[in-house]
Every structure is written in structure tokens, then in C-alpha cells.
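Engineer: structure of the sequence below:
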Amino acid sequence: MKLEPLFAEFDGLEPRERLELLIEFSDSLPELSDPRSSGPAPRECRVRECQTAVDLWVDVIDGCVWLEAVVPRQSPTIRGLVALLVEGINGSQVDEVLQMPDDVLGPLGLSETLGMTRQRGTRGLVAAIKRRALAAESA
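Structural biologist: Okay, the predicted model is just below:
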């Protein structure tokens, strides 16, 4: 999994710099693939734990997890976090995804910077990724 090197980019930065780096990731969130971009996201794609509207698709192809997501540009913090997770997870084995930390804000050094609502939303996002990866693998 490519999350560890991404986490390392945040090491040694001041809290404000960490947040700025996360927000920079928001520009790297890939656009949806053609079939998914042609209409509204199905209700089951919404990550309910997130206060921000996050629509997430999790596919497992040949044992590898692939994420696609839509997050409003007006929410650069969560959009950056989702972009970081997409970059760090795509192409990883299902077992690797299931073993990733439930709290990804800790390794990023952002637990204290972001409020409890975002912390809960982030844990919910990671839980949704794991749950959907397991379901997609079983399908």
C-alpha cells in the first residue's frame, strides 16, 4: 500500500503546514470514470458518517481495491483527505486495505488540528472503505 510514503510527507511539518499540504491534495482527486460521471451518485455511495457530501465507489478487480469519489471543491480539507486515500489505496490488495489504521489523521499529524466532527467523519470514511472493499471482494 502506498499510504506510508504519503504519511511520511507530513513528518516534520508544523500543524499549519500539514493542513496546507492536505489541502493541496484536494486538487489531485481524479475525476469520475465515464460511466459514473454521467448521472447522480446512487444513494448507497454516500458516506453517511461524513458531514461533507462524500460519494464513494469501491471496486475490487483481480484482488486489488480501486476507489473513486466525489467531494465538493468547497470542502478542501475532506477532499484532500479523500484524494490522499485514493492515491494511497488504489491498486492495493484487499487485505492491505483491511489492515490500514482506522485513524489516518494520527499518522498525518492532524488529529489535534481537526475537530472531533472531522475525526469521526474520517474514521467513518475509512470504515466505509474497508466495509465496501470486503463486500466487493465477496460479490
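
Engineer: now whichever helix in the chain runs longest: buried residues?
Structural biologist: The longest helix of the chain (DSSP state H) is helix 116-138. Of the residues in helix 116-138, 118-119, 121-126, 128-130, 132-134, 136-137 count as buried by neighbour count, 16 or more other C-beta atoms under 10 Å. C-betas here are computed from N, CA, C, even on glycine.

Engineer: and stretch 37-53, by the same measure?
Structural biologist: A41, C45, V47, C50, T52.

Engineer: next one: stretch 69-78
Structural biologist: For stretch 69-78, using 16+ other C-beta under 10 Å, the buried residues are A69, V70, V71, S75, P76, T77, I78.

Engineer: just flag the most distant two among the residues you listed.
Structural biologist: Maximum pairwise distance in those, criterion C-beta to C-beta, is 15.6 Å, between V70 and T77.

Engineer: can you tell me which of the buried residues of helix 116-138 is nearest D59?
Structural biologist: Looking across these and measuring by C-beta to C-beta, the closest to D59 is A136, at 5.8 Å.

Engineer: list the contacts of T122.
Structural biologist: I78, L81, D103, V104, L105, L114 (C-beta atoms under 8 Å, 6 or more residues apart in numbering).

Engineer: which element, helix or strand, includes the second one?
Structural biologist: Assigned by DSSP states H and E, L81 falls within helix 76-89.

Engineer: using PDB, list the CA coordinates for that helix.
Structural biologist: Once non-C-alpha atoms are left out, helix 76-89 reads as follows in PDB (Å, rounded to 0.1, in the frame of the first residue of the first chain):
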ATOM      1  CA  PRO A  76     -10.900  21.200   0.500                       C
ATOM      2  CA  THR A  77      -9.900  19.500   3.800                       C
ATOM      3  CA  ILE A  78     -12.000  16.400   3.400                       C
ATOM      4  CA  ARG A  79     -11.500  16.500  -0.400                       C
ATOM      5  CA  GLY A  80      -7.700  16.500   0.200                       C
ATOM      6  CA  LEU A  81      -8.100  13.600   2.700                       C
ATOM      7  CA  VAL A  82     -10.100  11.600   0.200                       C
ATOM      8  CA  ALA A  83      -7.600  12.300  -2.600                       C
ATOM      9  CA  LEU A  84      -4.800  11.100  -0.400                       C
ATOM     10  CA  LEU A  85      -6.700   7.900   0.400                       C
ATOM     11  CA  VAL A  86      -7.500   7.300  -3.300                       C
ATOM     12  CA  GLU A  87      -3.800   7.800  -4.200                       C
ATOM     13  CA  GLY A  88      -2.600   5.700  -1.300                       C
ATOM     14  CA  ILE A  89      -5.100   2.800  -1.600                       C
END
